[in-house]
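**Student:** okay, structure incoming, though there's no sequence with it:
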Ligand code: SF4
């Protein structure tokens, strides 16, 4: 009986030691990943992206708590995660032909006086000139992209099921893009995110050149419409 009790207490002690080691290991790992991420943010270049991504998957909550401890806002952290995601997906994205890519724009980019109607495939832009969607959408389509202007993630899922793109560019506010990229990972899609310059649900802005920079990745320059080289003034609105 005494021997059994002693084995049991040794076992419990061992479990306690392993748990403690695991917790300490996680904290040390998270500190290392946050340090790497902070250096990357400061220098504007992502170091060891695969390692940081693994850190995000394994100890995301702990990393976020540490980021807060270092005085970083959630917005800054999310923006870094999106940049990290894009830099990790860049090579795979470049390898996908444009015909297998799609762009999802949020309908909040349109003018509040937009005359277009919502259809089962999103907003059908009439290129009325009241917002920049009417300028960019046809050009991106000329490049070979399927472009959708959609009100939410359920539309994106539906269009992905219907057209089966292999890679997508998702545009939206910070939270939407972060969720969208996570959703794409689950669906096995190669995704790139572009965050709008203004949060909100009406008449938001986008850095279209940033979108174009991503859209051009891996694309033969000869297939890019000349209009995309001569951009209009005030093209961010
Ligand atoms: S350009 Fe298209 S999306 Fe923009 S307001 Fe006109 S119809 Fe709507």
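**Tutor:** That came through fine. The model shown is predicted, which means the values in this text are computed figures rather than measured ones. Residues are numbered from 1 along each chain as shown.
**Student:** the closest residue to the ligand within the chain: neighbouring residues, count only.
**Tutor:** Here the residue of the chain nearest the ligand is residue 134; by C-beta to the nearest ligand atom that distance is 2.7 Å. All C-beta atoms are positioned from the backbone trio N, CA, C, and that covers glycine. Neighbours of residue 134 under the rule other C-beta atoms under 10 Å: 17.
**Student:** repeat for residue 11
**Tutor:** A total of 10 residues lie near residue 11 under the criterion other C-beta under 10 Å.
**Student:** now do residue 110
**Tutor:** Neighbours around residue 110, by other C-beta under 10 Å: 23.
**Student:** so it makes contact with residue 133?
**Tutor:** Yes: taking C-beta atoms under 8 Å as the definition, residue 110 is a contact partner of residue 133 at 5.7 Å.
**Student:** hey, what's in contact with both of the two?
**Tutor:** Common contact partners of residue 110 and residue 133 (C-beta atoms under 8 Å, 6 or more residues apart in numbering): 125, 149.
**Student:** write out the residues of the chain neighbouring the ligand.
**Tutor:** Counting by C-beta under 6 Å from any ligand atom, the chain comes close to the ligand at 110-111, 114-116, 125-128, 130-131, 133-134.
**Student:** report pLDDT for the residue nearest the centre of the chain.
**Tutor:** Compute the mean C-alpha point of the chain, and by C-alpha atoms, centre = their mean the closest residue is residue 193, 3.6 Å away. On the pLDDT scale, residue 193 is placed at 96.
**Student:** what bridges to it?
**Tutor:** residue 170 (DSSP bridges).
**Student:** residues contacting it?
**Tutor:** Counted by C-beta under 8 Å, 6+ apart, residue 193 has contacts 82, 85-86, 169-172, 177-178, 180-181.
**Student:** could you list the single helix or strand in this protein with the lowest mean pLDDT?
**Tutor:** The weakest-scoring helix or strand in the chain, judged by mean pLDDT, DSSP states H and E, is helix 49-69 (a mean of 79).
**Student:** show me the contacts for residue 137.
**Tutor:** 105, 125, 127, 147, 149.
**Student:** name the helix or strand for it, please.
**Tutor:** helix 133-143 (DSSP states H and E).
**Student:** tell me the mean pLDDT over that helix?
**Tutor:** pLDDT averaged over helix 133-143 gives 92.
**Student:** so which of the contacts of residue 193 belong to helices?
**Tutor:** Of those, the ones assigned to helices by DSSP state H are 82, 85-86, 177-178, 180-181.
**Student:** so can I have CSV of the residues you listed showing neighbour count?
**Tutor:** As requested, these are exported to CSV (neighbours: other C-beta atoms under 10 Å):
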residue, neighbour count
82, 20
85, 22
86, 21
177, 25
178, 20
180, 22
181, 20
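**Student:** can you redo the residues you listed as CSV with pLDDT?
**Tutor:** Formatted as CSV, the ones in helices among the contacts of residue 193 follow (pLDDT from 0 to 100):
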residue, pLDDT
82, 90
85, 88
86, 91
177, 93
178, 88
180, 91
181, 90
